[in-house]
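**Student:** Using only what follows, build the 3D model:
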Amino acid sequence: VSGWHNLAAEKFALGVSASYLNFTLPFKLSAEQDFYLLDIPIAHISTRGDGRVNLRTIMLTAQGRWRISQGRRISTFASFGLALMPFNGDLYLPLTATVDSILGSVELTETEAKTISQLRTGSSAIPALILFPSLAVSLHYRLSQSTRLFIELNLSSGTYLSAGLSLGR
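**Tutor:** Residues are numbered from 1 along each chain as shown. Next up, the predicted model:
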């Protein structure tokens, strides 16, 4: 959802937008550790996990937009601004640890499932809000006086391509 306020003969505009983000970031975790007592190997621990962070949040963006060119049907725009995103979601991480020692081997499994808010209470390194620059280039194709089809390449918290239909002036 976005809205623009035109300035300077509609060549420039100021706008705000809100986007709902719901996506998953998969990751792999692996760690190896050897334990020694007086330079004698006692145990080797190998930990592995295939986890994911599910992000569900709203991104709010304040932008300035410049119309680069305008033809009868096609217009191009560049926009720049700042985006604010609360860092919300959850973490799911099933872990398997294998311990090989002088007494034998054992395999342990554990699953970590927490919200990002719960993880934040244990670590000040996990932010509650993220503020970042937003840059975009878009191409608009006019279907009628008040309807446009658009495609936009956005560089902000990541790079993504979006397309849609714009209704209204």
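
**Student:** other SSEs contacting the longest strand along the chain?
**Tutor:** As assigned by DSSP state E, the longest strand anywhere in the chain is strand 40-70. Other helices and strands packing on strand 40-70, by 3 or more CB pairs under 8 Å, 6 or more residues apart in numbering; DSSP states H and E, are strand 12-37, strand 74-86, strand 89-101, strand 129-142. In this view, the C-beta of every residue, glycine as well, is placed from N, C-alpha and C.

**Student:** rerun that using 6 Å as the cut-off
**Tutor:** Under the contact definition 3 or more CB pairs under 6 Å, 6 or more residues apart in numbering; DSSP states H and E, strand 40-70 sits against strand 12-37, strand 74-86, strand 89-101.

**Student:** now the ones you listed as CSV including mean pLDDT and mean neighbour count?
**Tutor:** CSV is the format used below for the helices and strands packed on strand 40-70 (pLDDT from 0 to 100; neighbours: other CB atoms under 10 Å):
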stretch, mean pLDDT, mean neighbour count
strand 12-37, 91, 12
strand 74-86, 92, 16
strand 89-101, 95, 16
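
**Student:** okay, these in TSV with distance to residue 6 next?
**Tutor:** Compiled in TSV, the helices and strands packed on strand 40-70 are given as follows (distance: least, CB to CB, whole Å):
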stretch	distance to residue 6
strand 12-37	5
strand 74-86	12
strand 89-101	36
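
**Student:** Nearest to residue 158, out of those strands?
**Tutor:** Nearest to residue 158 among the helices and strands packed on strand 40-70 is strand 12-37; the distance by CB to CB comes to 9.2 Å.

**Student:** Which residue of the protein lies farthest from its centroid?
**Tutor:** residue 38 (47.1 Å; CA atoms, centre = their mean).

**Student:** Okay, now the sheet partners of the longest strand of the chain, with direction.
**Tutor:** Paired with strand 40-70 in the same sheet, following DSSP bridges, are strand 12-37 (antiparallel), strand 74-86 (antiparallel), strand 89-101 (antiparallel).
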